[in-house]
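I would like to see how this sequence folds:
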Amino acid sequence: MSDRGRAGSARTLPVAGALILSLIAAFPASSAPVETLAVEAIRSGMEGTGRTVFQGDRLEEFRVEILGVIENAVGPDQDLILARLHGEKVEYTGVVAGMSGSPVYVDGKLIGALSYRIGNFAKEPIAGITPIADMLRLGATIGIRPVAGLAGTGAAETPAGRAPGPDLLARFLAGDGGPGPASDGSLDPARGLDAAAAGMPRGAGAPAASIPSIQPIGVPLVCSGCDAAVLGYYAPIFRAHGLEPGPGGGVDEKAVPGAFEPGSAIGGALVTGSLSLIGVGTLTHVDGNRVYAFGHPMLGVGTLDMPMTQARVLHTFASEAGSFKIANATRSVGRIVRDGLTAIVGEIGPAPPTLPLRVGVTTQGGRREFAYDILRHRAWSPVLAAVSTANSLTRTTEFDMTSTLALRARIDVEGHPPVEYNDLYAGANPAQAVHLGLANEIGGLLGLIYNNRFEDPRVRGATIEVEVLPEGRVATLTTLHASRPEVRPGETLKVHATLRLYRGEERAVVFEVVVPEDVPAGEIEILVGGGTAMDSVDRRMQERMLAQASSLGDILRLIDRRRRNDFLYLRIARRSPAAIVGSDLLPGLPLSIFSVYNSPRISSDTTLISESPILEVDRPLDVVVPGGRRISVRVR
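Residues are numbered from 1 along each chain as shown. Got it, this is the predicted structure:
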């Protein structure tokens, strides 16, 4: 290293040290003891005060009238204190999204955090209060923090090949239907394994009926730099976890941390950088360097390692549909380490590591670069990567829905070769915009890596390069025929495919394949199609290979073998015994070997199938072919 490099490194440490010292100065290592009042001592008719921020960082109080205690309201032995709020502002706004965690005191003693609302479109501000004892009990369970901030990425073994935890993006994209030909012999790409590449809208199910209930006060997910359409597409994922996407500012890096005391605004950062997604609530209690907030879950994932910020409330927006706070966040002041039923628990100090995502977008007008720092979590990292990638494309002025996107992606996983993925995406299906298909592909790749059952993956970062091509490069496979209806083993067979370019001319593609010498007499099937259509046919096979993988390395190799959208594939197959052993396919098995794998006395990761691929060839194209066709030829 050069002297200049050493000097630069040496200067970094004092700066980091100064920042930590400033945090310690702003948040003293010990706080004055706070008396608490047990829920058993709560009685109807008691009066107290609550504390929150309606604008700026000024704490304001409101009156609280205790109505009683609802036993087991949240869960077994998880009571909820019911209260009516009084005061000019709370009676005007009602219970506000962002007030979660507002501390409530009776006779100067802390009883808990304002955390739940009752029903929808309430005519009076009635709220539930989580008892402080339940919040403190959650903090007492905190043990050793996961290494390198990879909370939630570890996995127990399951027979399905994935961790038992939720794969939020996969569930959002999942749909019904399976592979199979349409009535005209074509292959429907919309029935494929990869819903994103198939271009089908997912996650937009019918809204649940409005049922009056006790539910957590919403957490405003303040968004800066977000495209409204992108955020609206992914909003069901966030809303399912109580996060309400809405307007807000970004992270004010210049803001000096202010007093961090009960009633102050607190945030949890899901994404920062060129895009900010930060959930905002209220701080309930400070105990040394440990803080308690919300009074209910934020994401509900348990162990967590999320950047913790302060927030400055720009405005409290009153609405009959649900009032909410609009806020700016500060730079990180620590980490949120537990996200449980009764609270989020944070620690003041250094920020946790995040997942760096870099996106470069090249258009005819030039190149733009976007940089994001994403929460590291097996369920949420894929979602946040997809949101950030889609947002990068829509933030480019030359982008439109008819563009074709050329993707080059690289994901670096410690201890493994880089995962590199190149493909072409076009608006083949009007039901889903092209940028969402590409973004969901990126999120899906991360989901496969994070949700493996073998090891806690150390994803160092992801780099995505997208070139926006102005014209729509998509073609339909209109006809498919063989040069002759019968062929002998060892002979060359020509297969002719005709592509009709979008609003353009026809293009002929000819495959010349040699039928293997060992193919027995009988009928063989020839399938020709784009990558998505061919994957749809192999859906069950791919799922079994994934389920029978024996390591993360196997999963990464399966990713590397995925077919591309900008290739045309020809495959010859026949009805014959085959087996998937581990993550490998063994086609054309002799009956003696097939019987061995089929023996009930042998236990192995083996799946028997009745169709054997004979050969597969591909042809690179400069267009996307979303569908495919199939024909039959007889071997004499």
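
Tell me the strands beside the helix or strand containing Gln215, with direction?
Assigned by DSSP states H and E, Gln215 belongs to strand 214-216. Looking at strand 214-216 with DSSP bridges, its paired strands and their directions are strand 109-118 (antiparallel).

average pLDDT across the partner strand?
In this model, strand 109-118 has an average pLDDT of 94.

Can you give me the buried ones in it?
Applying a neighbour-count criterion of 16 or more other CB atoms under 10 Å, the buried positions in strand 109-118 are 110-118. The way it works is simple: take the backbone N, C-alpha and C, and place the C-beta from them, glycine included.

Quick check: next helix or strand after it?
Elements were assigned by DSSP H and E; along the chain past strand 109-118, the next helix or strand is strand 126-131.

Report the buried residues of the very next helix or strand once past that next one.
Under the assignment DSSP H and E, the closest C-terminal helix or strand after strand 126-131 is helix 132-140. Of the residues in helix 132-140, those with enough neighbours to count as buried (16+ other CB under 10 Å) are 132-136, 138-139.

Phe260 touches Ala293, doesn't it?
No: distance between Phe260 and Ala293: 10.6 Å, which falls outside the contact criterion (CB atoms under 8 Å).

Which one of these two is surrounded by more residues?
For Phe260 and Ala293, the more surrounded residue by other CB atoms under 10 Å is Ala293, and the numbers stand at 31 against 22.

Pull the contacting residues for the more buried one.
With contact set as CB atoms under 8 Å, 6 or more residues apart in numbering, Ala293 has these partners: 100-101, 113, 266, 281-284, 343-346.

hang on, the earlier thing: nearest to Asn451, out of the buried residues of helix 132-140: which one, please.
Proximity to Asn451 was ranked across these by CB to CB; first place goes to Leu138, at 25.8 Å.

distance of the closest one from Leu546?
Applying CB to CB, to the nearest Å, one obtains 36 Å for the distance of Leu138 from Leu546.

where along the stretch 101-250 of the chain do the strands fall?
Along the stretch 101-250 of the chain, counting by DSSP state E, counting those that start in this stretch, strands occupy 102-106, 109-118, 126-131, 186-187, 214-216, 219-224, 243-247.

can I get the ones you listed in JSON lines with distance to Pro297?
Putting the strands of the stretch 101-250 of the chain into JSON lines (distance: least, CB to CB, whole Å) gives the following:
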{"stretch": "strand 102-106", "distance to Pro297": "17"}
{"stretch": "strand 109-118", "distance to Pro297": "10"}
{"stretch": "strand 126-131", "distance to Pro297": "11"}
{"stretch": "strand 186-187", "distance to Pro297": "43"}
{"stretch": "strand 214-216", "distance to Pro297": "7"}
{"stretch": "strand 219-224", "distance to Pro297": "9"}
{"stretch": "strand 243-247", "distance to Pro297": "11"}
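
Out of these, point me to the one whose mean pLDDT is lowest.
Ranked on mean pLDDT, the bottom entry among those is strand 186-187, at a mean of 38.

who touches stretch 486-498?
The set of residues that contact stretch 486-498 without belonging to it, under CB under 8 Å, 6+ apart, is 477-484, 506-519, 526, 528, 568, 570, 629, 633-636.

Please indicate which of the residues you listed are buried?
A residue is treated as buried here by neighbour count (16+ other CB under 10 Å); on that basis the buried members of those are 477, 480, 482, 509, 511, 513, 515, 519, 526, 528, 568, 570, 629, 633, 635.

what bridges to the second one?
Note on Leu480: beta-bridge partners Ala497, judged by DSSP bridges.

From Thr532, how far off is it?
Leu480 sits 17 Å away from Thr532, taking CB to CB as the criterion.

Point out where the stretch 301-450 of the chain drops to low pLDDT.
Within the stretch 301-450 of the chain, the ranges that satisfy pLDDT under 70 run 320-321, 397-399, 428-432.

let's go with 90 and repeat that
The stretch 301-450 of the chain contains residues with pLDDT under 90 at 302, 311-332, 363-366, 394-404, 426-434.

Helices of that one, start to end?
Shown for the stretch 301-450 of the chain, the helices assigned by DSSP state H, counting those that start in this stretch span residues 380-394, 434-450.
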